[in-house]
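Asks: Sequence and predicted model, in that order:
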Amino acid sequence: MATAASQQTWMQRNKMIVTPILFLLPGLLFFSVYVIIPIFQSFQISAYEWNGLGELSERGEFVGLQNYRELMSDRAFEVSLWNNVKWLALYLLAIPGGLFIALFLNQTVTGIRLYKSLFFFPFVISQVVVGLVFTWFYLPRGGLLNTILGGLGFDTLNILGDPTLATYGIIAAGLWPQTAYCMILYLTGLNAVDPEQVEAARLDGAKGWRMLWHVVLPQLRPATFIAFVVTIIGALRSFDLISVMTNGGPFGSTRVLSFYMFEQALSEYGFRMGYGSAIAVVLFLIMLIFIAYFLYSMWRDERPART
Amino acid sequence: MFPTPIQKRSEAVRVTYQVFLPIALILWLLPLIAVASFSIRPLTDFTQGNFWGWPSSFNLFSNYGRVFFESDMPRYMLNSLMITIPTVVGAVALSCMTGFALGIYRFKGNLLIFFMFIAGNFVPFQILMVPVRDLTVSLNLYDTKLGLVLFHIAFQTGFCTLFMRNFIKALPVELIEAARVEGVAEWRIFWFVVLPLMRPAIAALAVLIFTFIWNDYFWAIVLTQGPEAQPVTAGITSFNSQFVAQYHLMSAGSIVAAIPPVAMFFAMQKHFIAGLTLGAVK
């Protein structure tokens, strides 16, 4: 055996270790340089006052936790954080909404496939265009929404111009593609629901809500999990719609953390890279709670497969 | 099947369903239908407040013609293509390899690396913004398509690895082991055994990444700034400032910007949905 092993090259003997390393290397390298390392760099930058010019170590001024202390008394930060909470809570409506539409469309009538695609396709359009479309939909004069409201005899609304309404108007625009996404997840899930279980439950007299809750929803768990993941991530990532529809206004009332960070670090309001990074770190830590939970759930599912 | 198939319900329910289906669709797509109707009107309709009445004339060709011939729109569209396609190729190629390594081989840290890719894929963009912009500037790639492409490839590798690894993991192990017994080299197993089986996954990922990257806005405004390199999502803002309050042209521009991913979706629907709903069924 020893002679046989020595006849093999080093490469052949270790191929089960060397091959995966070689295959991982390019992807891992790219990912580390552009994603993993920048996360740590942002933590570092958040401890500096730096306008982004020159090297951080030369031109930046180390201020420790000063940026975070400043955040605590920053009204705009508070508004942004609060808006993030609103986004999170209301965005979750996409999940029951998507389920509802999926149940509505889960039939076999002629042309239903086309209906499903057409219901889904808001998701394929870029958020920038969705934002523009909804901005025109909300136009105080001539917008479709106010034309309808006026036709029904209601007062017209200037949704995006009203600090108390603007955020809700933007969230509604975001819910449109997100509901479509959840719908397609549930449609796929419904396809895989075991018909025998449904028939058996039907014979036992289950129907409507009880059937949905006790028989169908448990089988849709994987779809619900993914719907939660993508909706929560989507809510915390919201940026495009705000930037396009109100640019943070009126009076900064529609800012969220992601948008406020961009404003602080890269817009006409200044180039405060350190302060911006501190906001990004806060957003990252909020996201981390959810990421940790998602990873934990996935890890739990992985384990049986391993043993 | 749930809910009860409509065929088993009463005649009245069936008819109501058939009538309500198109109404629901029109309501759902109303904002979009509105924009489409804007895009064929003449300017005078808007100045006279005729937003919703019968158009005073149909200007489909002249409106879209102006988008194509009197603005930077074609330029932006071309930029988008030149950013999107290399990204798709790069991210799919890298993730075929990482997916193969993580899905086939058992080694220490396998799951850790896999989870790192997943976690990285979920982080908020803003935590990467300042360092990535810095890196791009120092590589002399600020305001270039290549700068955007490199970042997109790297970031999308996270999601693509998740996708590819799970797909490869579900392939029959016997196939690979049989090849190994035959003495086939590992890279040949990748190239001749696994890669051909990954075709559906590659197709699904390619269409998904195409739409994701085409629709990206945040990185476009962070890493580029002019018609030289900006993709259409960012370009449309300057387009709109060129045609302020000319709703007919702004609508036409938006529709043009939205068409490529929509066309991609309708052409490759099966793959697109298979990719998007991966994991929605166990």
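Replies: Received the coordinates, thanks.
Asks: where does the chain dip in pLDDT?
Replies: In the absence of a named chain, this looks at chain A. Where chain A drops to pLDDT under 70, the residues are A:1-7, A:304-307.
Asks: not quite, I wanted chain B
Replies: For chain B, residues meeting the criterion pLDDT under 70 lie at B:279-282.
Asks: the helices in the stretch 101-250 of chain B, which residues?
Replies: B:110-122, B:126-138, B:145-169, B:173-181, B:186-188, B:195-197, B:199-214, B:218-223, B:232-242, B:247-267 (DSSP state H, counting those that start in this stretch).
Asks: Tell me which of these lies nearest to residue A:171.
Replies: helix B:218-223 (18.2 Å; Cβ to Cβ). C-beta coordinates here come from the backbone N, C-alpha and C atoms, glycine included.
Asks: So which elements touch the closest one?
Replies: helix A:257-266, helix B:126-138, helix B:145-169, helix B:232-242 (3 or more Cβ pairs under 8 Å, 6 or more residues apart in numbering or on different chains; DSSP states H and E).
Asks: what's the spacing between it and its chain's center?
Replies: How far helix B:218-223 lies from its chain's middle: 16 Å, per Cα atoms, centre = their mean, to the nearest Å.
Asks: Same question for stretch A:13-29.
Replies: Taking Cα atoms, centre = their mean, the mean C-alpha location of stretch A:13-29 is offset from the chain mean by 32 Å.
Asks: can I get the helices and strands packed on helix B:218-223 in a markdown table with distance to residue B:248?
Replies: A markdown table is the format used below for the helices and strands packed on helix B:218-223 (distance: least, Cβ to Cβ, whole Å):
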| stretch | distance to residue B:248 |
| --- | --- |
| helix A:257-266 | 30 |
| helix B:126-138 | 36 |
| helix B:145-169 | 31 |
| helix B:232-242 | 12 |
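Asks: give the contact list for the most centrally placed residue in chain B.
Replies: Residue closest to the average C-alpha location in chain B (Cα atoms, centre = their mean): residue B:211, at 1.2 Å. If you count contacts by Cβ atoms under 8 Å, 6 or more residues apart in numbering or on different chains, residue B:211 has them with A:124, B:261, B:264, B:265, B:272.
Asks: Would you check that the first one makes contact with residue B:268?
Replies: This points to residue A:124. No - judged on Cβ atoms under 8 Å, residue A:124 makes no contact with residue B:268 at a distance of 10.9 Å.
Asks: between the two, which one's more packed in?
Replies: Neighbours per residue (other Cβ atoms under 10 Å in any protein chain shown) separate residue A:124 from residue B:268, with residue A:124 holding more: 23 against 19.
Asks: Distance-wise, check the more buried one relative to residue B:172.
Replies: 34 Å (Cβ to Cβ, to the nearest Å).
Asks: likewise residue B:110?
Replies: Taking Cβ to Cβ, one finds residue B:110 at 19 Å from residue B:172.
Asks: Could you do residue B:81 as well?
Replies: 38 Å.
Asks: just to revisit the earlier point, could you check which of residue B:110 and residue B:172 is surrounded by more residues?
Replies: residue B:110 (18 against 9).
Asks: Pull the contacting residues for the closest residue to the more buried one other than its chain neighbours.
Replies: Leaving aside its sequence neighbours, residue B:110 sits nearest to residue B:102 (Cβ to Cβ, 6 or more residues apart in numbering or on different chains; 5.8 Å). Residue B:102 sits next to A:20, A:24, B:110, B:113, B:114, B:161, B:165, B:168 when contact means Cβ under 8 Å, 6+ apart.
Asks: Which two among those residues are spaced furthest apart?
Replies: B:113 and B:168 (14.5 Å).
Asks: Could I get the helices and strands packed on helix B:218-223 in TSV, plus columns for distance to residue A:28 and mean neighbour count?
Replies: Compiled in TSV, the helices and strands packed on helix B:218-223 are given as follows (distance: least, Cβ to Cβ, whole Å; neighbours: other Cβ atoms under 10 Å in any protein chain shown):
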stretch	distance to residue A:28	mean neighbour count
helix A:257-266	27	25
helix B:126-138	17	22
helix B:145-169	9	24
helix B:232-242	29	21
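Asks: can you tell which of those helices is closest to residue B:1?
Replies: Minimum separation from residue B:1 across the helices and strands packed on helix B:218-223 (Cβ to Cβ) falls at helix B:145-169, 27.7 Å.
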